[in-house]
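**Q** This is the structure alone, sequence omitted:
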């Protein structure tokens with residue numbers, strides 16, 4: 001019997017994945033179902049990616065009308081995180097976002113934010129169409145209604161996105177316990 005070596009290619013590794021935070025803005029706070037839980041999980045992802053040294057990119061849909069990224073997440077962004085305004089629903093096709101995605105050197109993306117059936121959906125589809133692997137942190141994605149959230153996640157899954165969760169993503173990226181990174185991330189998810 002051959003020795004077991006290596007990891008399944010479907011598992012995420014800190015050196016090959018980036019985080020895309022889609023339109024998690026103040027203007028959506030009063031209308032998004034479970035908004036505070038989504039903010040909490042997005043913040044955990046942002047902090048976790050920072051601890052692991054993985055890139056984070058943030059989009060903001062029409063911030064003049066919808067405000068900027070919520071303070072709880074904005075305050076946790078690693079230094080130098082690109083925060084890019086857009087009017088397009090998808091992040092793909094927005095010059096500064098395309099540049100940031102390409103400059104990161106990553107072709108695997110964890111996506112979180114809002115709305116599942118609009119901007120997250122179109123971003124995931126377009127990333128996949130351009131050869132990127134997409135993982136949805138489903139507990140960090142929302143819409144105004146639970147039905148639209150479910151539709152968005154299911155549609156992305158059918159297009160090839162992997163449906164996961166905040167903790168699953170971070171512990172896959174860690175691979176093992178016992179490090180300072182493990183201790184820091186364990187504190188985040190408690």
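**A** Nice, I can see it. The shown structure was predicted, so the numbers you read here are calculated from the model rather than taken from an experiment.

**Q** Model confidence score at the residue nearest the centre of the chain, please.
**A** Geometric centre of the chain, nearest residue: residue 111, 2.8 Å, by C-alpha atoms, centre = their mean. If you check residue 111, the pLDDT there is 98.

**Q** which SSE is the closest residue in space to it that isn't next to it in sequence in?
**A** Leaving aside its chain neighbours, residue 111 sits nearest to residue 20 (4.9 Å; criterion: C-beta to C-beta, 6 or more residues apart in numbering). Any C-beta I mention is one placed from the backbone N, CA and C, and that applies to glycine too. Counting by DSSP states H and E, the element that carries residue 20 is strand 17-22.

**Q** wait, the residue nearest to residue 111 sits on residue 123?
**A** Yes: with contact defined as C-beta atoms under 8 Å, residue 20 reaches residue 123; the gap is 6.9 Å.

**Q** shared neighbours, these two?
**A** Residues touching both residue 20 and residue 123 (C-beta atoms under 8 Å, 6 or more residues apart in numbering): 59, 91, 111.

**Q** So, low pLDDT: which residues of this protein?
**A** Along the chain, the model assigns pLDDT under 70 to residues 1.

**Q** so where do the strands sit in this protein?
**A** Taking DSSP state E as the criterion, the chain carries its strands at 17-22, 56-61, 83-86, 108-114, 133-142, 162-164.

**Q** Name the strands paired with the shortest one and say parallel or antiparallel.
**A** Right, the one you point to is strand 162-164. Strand 162-164 has its sheet partners listed here by DSSP bridges as strand 133-142 (parallel).

**Q** thinking in terms of the whole chain, how far from its middle is the partner strand?
**A** Taking C-alpha atoms, centre = their mean, to the nearest Å, one finds strand 133-142 lying 6 Å from the centre of the chain it belongs to.
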